[in-house]
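**Q** A structural model of the following input is requested.
(chains A, B, C, D, E and F)
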Protein chains: 4
Amino acid sequence: MSERTTRKRRINGEESRRRILDAAAEIAGERGYDGTTIAAVSDRCGLPASSIYWHFADKDELIAAVIERSFGSWLSAMELPGAATGGVSERLTAMAVGIAKALLESPDFLRLGLMLTLEHRPTEPSARTMFLQVRHQTREKVVEVCHELAPQLSAAAVEQLATYAIAGADGLFIAKEIGGDSVDLVALFELHAQVLVRLLAAELLA
Amino acid sequence: MSERTTRKRRINGEESRRRILDAAAEIAGERGYDGTTIAAVSDRCGLPASSIYWHFADKDELIAAVIERSFGSWLSAMELPGAATGGVSERLTAMAVGIAKALLESPDFLRLGLMLTLEHRPTEPSARTMFLQVRHQTREKVVEVCHELAPQLSAAAVEQLATYAIAGADGLFIAKEIGGDSVDLVALFELHAQVLVRLLAAELLA
Amino acid sequence: MSERTTRKRRINGEESRRRILDAAAEIAGERGYDGTTIAAVSDRCGLPASSIYWHFADKDELIAAVIERSFGSWLSAMELPGAATGGVSERLTAMAVGIAKALLESPDFLRLGLMLTLEHRPTEPSARTMFLQVRHQTREKVVEVCHELAPQLSAAAVEQLATYAIAGADGLFIAKEIGGDSVDLVALFELHAQVLVRLLAAELLA
Amino acid sequence: MSERTTRKRRINGEESRRRILDAAAEIAGERGYDGTTIAAVSDRCGLPASSIYWHFADKDELIAAVIERSFGSWLSAMELPGAATGGVSERLTAMAVGIAKALLESPDFLRLGLMLTLEHRPTEPSARTMFLQVRHQTREKVVEVCHELAPQLSAAAVEQLATYAIAGADGLFIAKEIGGDSVDLVALFELHAQVLVRLLAAELLA
DNA sequence: AATGAATGAGGATTCATTCAT
DNA sequence: AATGAATGAATCCTCATTCAT
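**A** Modelled structure (predicted):
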């Protein structure tokens, strides 16, 4: 019994933390850093503002935690198609479709991240740093894949290709955010994959 | 006397309005909608907050005016290369380079615009609407040019191409924002132009 | 008319500032730095908290202004007996009585100052600095008077005497704060003056 | 087993209590009543805030306990020179030096006490009452010693002398707090003792 | 004996905005 | 055309305290 109750207390703490993060993720994904007020998070998660401060030192740490956690779920939403087989074209297309679907399912992560990225405030929020870190990791992965798929490319060319690949993804995400249902994100990502396939083969890169 | 003071006042008034817009543009470009406080604008332009309210009805109208004006200067920064001659490739490349240079010169317009775009707040700021409008106009221009350069393409294909073209521009802008000096925006826009040239010719589009 | 109204506005601003300072002085004199909340000041002066921030940058600046102003009125409460004539004993006694009466009339200044003095917080409030400054000035005056009254004393002896003279005043003020009506502050200051007279003459000093 | 754990727990309990008091004493000595937050005490002693409430009913009781305990150590720091022999001058000087040294060793007691003394809050903290009580006891001792050393003095004169003696001590303590190393507290207490010797003999007192 | 979690009240400060002049 | 002054609502965060375990 004591074991169970102990666990229950602990779980309640973790459960509260989760509820706070859920609420904060929703709000931050919609409204950005400044728009995410502690009062709004408190309202949405049902816990008083002071309880939020038991779980997180301050708003900055809360939003950084949101980024960290949502990057995790974003990653796992994307992992599956990594094992795709076939030629370069098929594999890249499968990856692109995977990314597009992950973006459609949980767009908050990237939306918040891009908002943080675009901001330049005097004291950079640690959430921004956090996002740039995970973005950097992602980029390293992309570079790796590019190098694997096109070993003949120079390091500079691979870097340029990776930048172009990610930029396309960012831009298409924004297009979807603006265009809504009139934009077929999956089709656009497939197109982007085809473009990248051509770039891997052709000699357009620096 | 009254004439002279009136004229002088009017001139001073326009000068004040300009100073306010300058300050607001800088701050909004750096910090977004929420981060742009009237107090901060007041500090940077040297006029008291109440004077800002003489020129603009409220914060919303101020930021909308910022968007409107900076779209103008953005357009004029971009107009020149429109008269480029040569083949499709040369013309598109010239346009791309022109856009890239305009982005490097005055990035605040697009940065603020994208921030506004990504936000979803209950009462949409008119600045956001304003940005989406000018963005829509721009998009119409792009569609027009595409249609002119590749008359054989279907309307749907042209739409997709335009979306992809603009998405690339947005994404590369973000890449530059993150990467700073390590990113050669002009080269990337040239690459993007080459990609678009291929897309205009090939049959990759929907 | 315009002149009058303009002045009136200005006067209203200064009047508000004065009301805020009055309220803050009362409260700070009673409750010290931490105990002086903006809300309490707001309540007592009738202006909303946000108006206090129009007149003072922050709580720290407000309390520093309290110290500065109350030092002024404290000085003027004390100035008169400076012109006393007679022998050393008479003059010192007149000064002591003057100080005692000033302390009885406006004890808040010294009470708040001593509270600030005794505190050691990580970031020293500027009110504390302000108090120590005016205290230092006062001390210089005391040294000067001692030197004038007993030119034969060494610099070190004068310093010691000044310290002892001020310490007596501080201590007697505290005795009065504790003892209330059962303590005759004027009589004690007269006694202190007599002690100082003896010390000026005798050879007890270092 | 139960006996052992009980004893161990009790010991740990006292150890915890001691750690809490140590932390609270340090902080209260530095920051006063308001500045002593439970969170700060918790941080410095390493125990969670809720544990502090197991040992003390509330903050008031905690600080009262701090006063009580530090008065004890203060007394014991002062006891030794009580047995001094010799004439009145020698005995008083020995006492004064003892007090001065005790103040130098553990100044927190008097600093906190004086802070509490100077404050006037609506609900007087019991720590303040506690300090005034022990101070009163001390004063009784002083009156006793004065009476013993100068039996010829009237009760009123002895009272005045005691007040003056204690006031000197308080004031010199404050001088030391402000002046730091530039103030020789022992020398000043010796001077004060000499003054008191003269006062015991002369006819300056009321 | 101890503690993780929670909580309402209140802390300082900033916000967009208004208004009299 | 401009501004000093004011203001209520909201901001982030800390407070002393409680409670279930």
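
**Q** neighbours around the nearest residue to A:V186 once chain neighbours are set aside, how many?
**A** In this structure, A:V186 finds its nearest non-sequential neighbour in A:A100, 4.7 Å apart by CB to CB, 6 or more residues apart in numbering or on different chains. C-beta here means a position set from N, CA and C on the backbone, and glycine is covered the same way. Using other CB atoms under 10 Å in any protein chain shown, A:A100 has 24 neighbouring residues.

**Q** just checking, A:A100 touches A:D184?
**A** No - between A:A100 and A:D184 there is no contact under CB atoms under 8 Å: 9.3 Å.

**Q** tell me the secondary structure at A:L114.
**A** helix (DSSP: H, G, I helix; E, B strand; the rest coil).

**Q** about what we covered before: wait, what's in contact with the residue nearest to A:V186?
**A** By CB atoms under 8 Å, 6 or more residues apart in numbering or on different chains, the contact list for A:A100 reads A:172, A:185-186, A:188-189.

**Q** identify each buried residue in the helix or strand where it lies, please.
**A** In this assignment (DSSP states H and E), A:A100 forms part of helix A:88-105. For helix A:88-105, burial by neighbour count (16 or more other CB atoms under 10 Å in any protein chain shown) applies to A:91-103.

**Q** in helices, which of the contacts of A:A100 fall?
**A** A:172, A:185-186, A:188-189 (DSSP state H).

**Q** in chain A, which residue sits closest to DNA strand E?
**A** A:G13 (2.0 Å; CB to the nearest atom of the strand).

**Q** so for the helix or strand of chain A with the lowest mean pLDDT, what gets flagged as buried?
**A** Lowest mean confidence among the helices and strands of chain A (mean pLDDT, DSSP states H and E): helix A:2-35, at a mean of 79. Using 16+ other CB under 10 Å as the test for burial, helix A:2-35 gives A:16-17, A:19-21, A:23-35.

**Q** dump the helix holding A:A100 to CSV, restricted to CA.
**A** In CSV, the C-alpha atoms belonging to helix A:88-105 read as follows (Å, rounded to 0.1, in the frame of the first residue of the first chain):
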residue,chain,number,x,y,z
VAL,A,88,17.7,7.2,-53.4
SER,A,89,14.5,8.7,-54.8
GLU,A,90,12.2,6.3,-52.9
ARG,A,91,14.1,6.7,-49.6
LEU,A,92,14.1,10.5,-49.8
THR,A,93,10.5,10.7,-50.7
ALA,A,94,9.6,8.4,-47.9
MET,A,95,11.5,10.6,-45.5
ALA,A,96,9.9,13.8,-46.8
VAL,A,97,6.4,12.3,-46.5
GLY,A,98,7.3,11.3,-43.0
ILE,A,99,8.4,14.8,-42.1
ALA,A,100,5.4,16.3,-43.7
LYS,A,101,3.0,14.1,-41.8
ALA,A,102,4.8,14.8,-38.5
LEU,A,103,4.4,18.5,-39.2
LEU,A,104,0.8,18.1,-39.9
GLU,A,105,0.2,16.1,-36.7
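
**Q** identify the residue spatially nearest to A:A77, adjacent ones excluded.
**A** When the adjacent residues along the chain are set aside, A:A77 lies closest to A:A102, with 3.9 Å between them (CB to CB, 6+ apart).

**Q** just the pLDDT for the one you found.
**A** If you check A:A102, the pLDDT there is 91.

**Q** pull the most distant pair out of the buried residues of helix A:88-105.
**A** The two members of the buried residues of helix A:88-105 with the most space between them (CB to CB) are A:R91 and A:L103, at 18.9 Å.

**Q** one step back: ok, so of the ones in helices among the contacts of A:A100, who is nearest C:L200?
**A** A:L172 (90.1 Å).

**Q** need the contact list for the closest one.
**A** By CB under 8 Å, 6+ apart, A:L172 lies in contact with A:100, A:185, A:188-189, A:192, B:163-164, B:167, B:171.

**Q** where does confidence bottom out across these?
**A** For the contacts of A:L172, the least confident entry is A:A100, with 94.

**Q** so how far is B:A167 from that residue?
**A** 12 Å (CB to CB, to the nearest Å).

**Q** need the overlap of contacts for the two.
**A** What both A:A100 and B:A167 touch, as defined by CB under 8 Å, 6+ apart, is the set A:172, A:188.
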